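> Make a model of this:
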Amino acid sequence: MEKTPSIYVALSCRECFGKTALCIGLSLIFKENGLKVGYFKPLGWGDFTYKGVKTDEDAALMKETLGLKENVQTITPILLNYHYLEKLSLMDRKVLLETIEENYRKISEDKDIVLVEALHEVCRGGFMNLSVPEIARELGSRILLVSSAQRDYMVDEILFEKTRIVESGIGFLGLVMNNVSVAAMDRVRRLYIPILERSEVRTWGVIPETPEMSSPTGLEVKEQLRAEVLTREDRLEDVLVENYLVGAMTPDSALRYFRAAPRKAVITGGDRPDICLVALETDTSLLILTGNLRPSPVVLNRARERGVPVLLVPYDTYTTVNMLRDITGKIKFGDLKRIRLAKELIAKNVDWQGMLKELGIW
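Numbers count the residues shown, from 1 in each chain. Sure thing, here's the model as predicted:
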């Protein structure tokens, strides 16, 4: 029996992001064009509760977004935590692979196409021979890489992964570049894409940087820091944070510094009302006060007037900055705004019709 065509979406490197947004966008577009679409995430994080069941948040998100009939245990059959080596080490690879294949068969029944989402980048699960290429071989999937890095080493990483995939006899579909900044766009189109194409890496789309997708909201920052909200909690979901600035200078210096950075979070101590008030006179999304030092009523009143949420954390400034280093915007369960935007961006910037033709569906 011929297998259902499937695209296995994985990140090209650890710091890249955008695979869930791509899966959502492509799935909705395919469905809108009359295709029966399935979604499968063989390995997932078991840190989300959906209708009383522990599961991967992406599994719940895609089930609701696509109206999938399969339960979340079928959509993501193997749940891990962030210290997953112990759990997988105690399990039999053959049993794990059989579990993946059995649930995938249920997912792919009566479907025209299945989107398979990786845990993260291509290598994850490799120590148990359950990396993306190894699972893709069993499912008959073609691998599509997503890259959001815009440095020259990205080209080397993509070509290395492509060579490894192809030499293993696994189908390689190509690449989508995500979150490409205005500054990098010319170099990506003029240099990166031609180099990749000479090595037979098809770039199906270049998605421009969009703060509403890539920048975290105030609520996501608050959750990452487990912060106490001192004022304007009602605004946390509305504000975006594009920059993080540390306020540890004189007010005059701070004013010049703050004016140069829009949509920022200013990280400072609650014992620096001068810095807080200067920050509130510029385009500031959040005030993050460190060391559990509560600010004066003057600062809180001004923040309320300006509609700026104020967060209080127990950490020092260095720890706070490190905790925020890798945070990006993420499509979460129920995030209708980002779901809609993901579909729009992919419809506009990705050659999804070409993908379907390549897969023999159109």
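
> Could you list the low-pLDDT ranges of the stretch 51-200 of the chain?
121-128, 149 (pLDDT under 70).

> Helices of the stretch 201-350 of the chain, residue ranges please.
Under the criterion DSSP state H, counting those that start in this stretch, helices of the stretch 201-350 of the chain are mapped to 211-214, 218-225, 251-259, 273-279, 297-306, 317-324, 336-349.

> Put the alpha carbons of the first one into PDB.
Read that as helix 211-214. Extracted as PDB, the C-alpha positions of helix 211-214 are listed here (Å, rounded to 0.1, in the frame of the first residue of the first chain):
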ATOM      1  CA  PRO A 211       7.700  41.300  15.400                       C
ATOM      2  CA  GLU A 212       4.200  40.100  16.100                       C
ATOM      3  CA  MET A 213       5.400  36.500  15.400                       C
ATOM      4  CA  SER A 214       9.000  36.600  16.700                       C
END
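
> Give me the pLDDT value at Arg325.
Per-residue confidence (pLDDT) for Arg325: 80.

> that older thread, just tell me which of the helices of the stretch 201-350 of the chain ends up closest to Arg190.
When the helices of the stretch 201-350 of the chain are compared for distance to Arg190 using CB to CB, the nearest one is helix 336-349, at 17.3 Å. All C-beta spots, glycine's among them, are computed from the backbone N, C-alpha and C.

> hmm, back to that, most tightly packed of the helices of the stretch 201-350 of the chain?
Mean neighbours per residue, mean count of other CB atoms under 10 Å, is largest over the helices of the stretch 201-350 of the chain for helix 273-279, with a mean of 22.

> List the contacts of that one.
Residues outside helix 273-279 that contact it (CB atoms under 8 Å, 6 or more residues apart in numbering) are 247-249, 251, 254-255, 258, 266, 268, 270, 287, 289, 295-296, 298-299, 302-303.

> for stretch 152-167, same thing?
For stretch 152-167, the external contacting residues (CB under 8 Å, 6+ apart) are 12-13, 122, 133, 143, 145, 147, 149, 172, 175, 192, 195-196, 199-201.

> Can you give me the domain boundaries for the protein?
With domains defined by automatic domain parsing, the chain comprises 6-213+330-358, 216-324.

> Which residues belonging to the helix or strand containing Glu86 are considered buried?
Element membership for Glu86 (DSSP states H and E) is helix 85-89. Within helix 85-89, the residues that count as buried by 16 or more other CB atoms under 10 Å are Leu88.

> Doesn't Gly354 belong to a strand?
No: Gly354 sits outside any strand when classified using DSSP: H, G, I helix; E, B strand; the rest coil, being helix.

> quick one: contacts for it?
Trp204.

> neighbours of Leu130, just the number please.
Neighbours of Leu130 under the rule other CB atoms under 10 Å: 21.

> mind checking how far it is from Leu97?
From Leu130 across to Leu97, the span is 7 Å (CB to CB, to the nearest Å).

> overlap in contacts of these two?
Joint contacts of Leu130 and Leu97 (CB under 8 Å, 6+ apart) do not exist.

> How far off centre is stretch 111-120?
Distance of stretch 111-120 from its chain centroid, counting by CA atoms, centre = their mean, to the nearest Å, is 16 Å.

> hmm, I was thinking of stretch 335-348
Distance, centroid of stretch 335-348 to centroid of chain: 13 Å (CA atoms, centre = their mean).

> Tabulate the CA atom coordinates of that stretch in PDB.
Output of stretch 335-348 as PDB, limited to C-alpha atoms (Å, rounded to 0.1, in the frame of the first residue of the first chain):
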ATOM      1  CA  ASP A 335      -3.300  32.100  20.200                       C
ATOM      2  CA  LEU A 336      -5.700  33.000  17.400                       C
ATOM      3  CA  LYS A 337      -3.800  36.200  16.500                       C
ATOM      4  CA  ARG A 338      -0.500  34.400  15.700                       C
ATOM      5  CA  ILE A 339      -2.300  31.500  14.100                       C
ATOM      6  CA  ARG A 340      -3.900  33.900  11.600                       C
ATOM      7  CA  LEU A 341      -0.700  35.700  11.000                       C
ATOM      8  CA  ALA A 342       1.300  32.500  10.400                       C
ATOM      9  CA  LYS A 343      -1.200  31.500   7.700                       C
ATOM     10  CA  GLU A 344      -1.000  34.900   6.000                       C
ATOM     11  CA  LEU A 345       2.800  35.000   6.100                       C
ATOM     12  CA  ILE A 346       3.200  31.500   4.600                       C
ATOM     13  CA  ALA A 347       0.500  32.100   2.000                       C
ATOM     14  CA  LYS A 348       2.400  35.200   0.800                       C
END
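
> contact partners of that stretch?
21-22, 24-26, 28-29, 61, 65, 205, 207-208, 210, 212-213, 329, 331-332, 352.

> try it again with 6 Å
Ala21, Ile24, Gly25, Leu28, Ile29, Ile207, Glu212, Met213, Ile331 (CB atoms under 6 Å, 6 or more residues apart in numbering).

> so for that stretch, what's the average pLDDT?
Mean predicted confidence for stretch 335-348 is 91.

> same question, stretch 249-265
83.

> of the contacts of stretch 335-348, buried ones?
Buried by 16+ other CB under 10 Å: Ala21, Ile24, Gly25, Leu28, Ile29, Ile207, Met213, Ile331, out of the contacts of stretch 335-348.

> Which helix or strand contains the first one?
Assigning secondary structure by DSSP H and E places Ala21 in helix 19-32.

> other SSEs contacting that helix?
Counting contacts by 3 or more CB pairs under 6 Å, 6 or more residues apart in numbering; DSSP states H and E, helix 19-32 packs against strand 6-11, strand 37-40, strand 113-121, helix 336-349.

> mind putting those in CSV, distance to Val321 included?
Output for the helices and strands packed on helix 19-32, formatted as CSV (distance: least, CB to CB, whole Å):
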stretch, distance to Val321
strand 6-11, 24
strand 37-40, 36
strand 113-121, 24
helix 336-349, 25
